[in-house]
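Trainee: 3D model of this:
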Amino acid sequence: YQGPLKLQRSVTLWGPRDAMLRSGPGVIIDVTAPGAAVLGLTIDGANGRFDFLDGAIRVAADDTRVEGVSVINAMFGILVERARRVRVVGNHVAGNREAATSMRGDTIRVWETRDSVIEHNTIEDGRELVIWYSRDNRIESNRILRARYGLHFMYSSGNLVRGNTLLDGVVGVF
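Mentor: Numbers count the residues shown, from 1 in each chain. Down below sits the predicted model:
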């Protein structure tokens, strides 16, 4: 299926893993409605640009969910911005293994977000899982492979980090 899509109402977008959504440069699924959800499908983020934060999914709304989604070829995988009580659970995000590590995008980026859950995700071949300017989140039981920094925190307090596995990266937690 061809994107991009904007979820501006509280709806659930669901598909089986073999349902694939593609788009050109830009955000492929932009979630701006509180209570919306993206579940189960595959998003091919090919053609994304590093300088524009082109992402597979951008979440900018409270009480939203991204669960069981597969992201491939994404410059940036799942971007969560200025939101509360977001659930990013059970996703698989794979970046471009061929690109230099410093030129890969973030697999999951959480920015100015609080009271959210990032757990049971497998992320690989991206730059890092970023938690910036965010507090009181739970980052638990994620598997992070071949990253620059497995977990990258900046100006973030009160976060619970437990049971994550970080393998073959440059730096584990920064």
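Trainee: got a list of contacts for the lowest-mean-pLDDT helix or strand in the chain?
Mentor: When the helices and strands of the chain are scored by mean pLDDT, DSSP states H and E, strand 171-173 comes last with a mean of 91. The contact list for strand 171-173, computed with Cβ atoms under 8 Å, 6 or more residues apart in numbering, reads 148-153, 161, 166. In short, each C-beta sits where N, CA and C put it, glycine included.
Trainee: repeat that with 10 Å
Mentor: Strand 171-173 has contacts (Cβ atoms under 10 Å, 6 or more residues apart in numbering) with 128-129, 144, 147-153, 161, 164, 166.
Trainee: Can you list the low-confidence ranges for the protein?
Mentor: Within the chain, the ranges that satisfy pLDDT under 70 run 47-48, 50.
Trainee: Please name the bridge partners of the most centrally placed residue in the chain.
Mentor: Central residue of the chain (Cα atoms, centre = their mean): residue 78, 2.2 Å from the mean position. Counting by DSSP bridges, residue 78 forms beta bridges with residue 57, residue 108.
Trainee: surely it meets residue 59?
Mentor: Yes - taking contacts as Cβ atoms under 10 Å, residue 78 lies within contact range of residue 59: 7.2 Å.
Trainee: Now do the helices for the protein: every range, in order, please.
Mentor: With DSSP state H, there are no helices along the chain.
Trainee: hang on, the earlier thing: quick one: strands adjacent to the least confident helix or strand of the chain?
Mentor: Counting by DSSP bridges, strand 171-173 is paired with strand 149-154 (parallel).
Trainee: Would you enumerate the residues in contact with the closest residue to residue 152 other than its chain neighbours?
Mentor: Once flanking residues are discounted, residue 152 sits nearest to residue 128: 4.4 Å by Cβ to Cβ, 6 or more residues apart in numbering. The contact partners of residue 128, by Cβ under 10 Å, 6+ apart, come to 101, 104-109, 144, 147-152, 169-171, 173-174.
Trainee: And residue 84, how far from residue 24?
Mentor: 31 Å (Cβ to Cβ, to the nearest Å).
Trainee: How about residue 144?
Mentor: 28 Å.
Trainee: The closest residue to residue 145 other than its chain neighbours: neighbour count?
Mentor: In this structure, residue 145 finds its nearest non-sequential neighbour in residue 124, 4.0 Å apart by Cβ to Cβ, 6+ apart. Close neighbours of residue 124, defined as other Cβ atoms under 10 Å, add up to 17.
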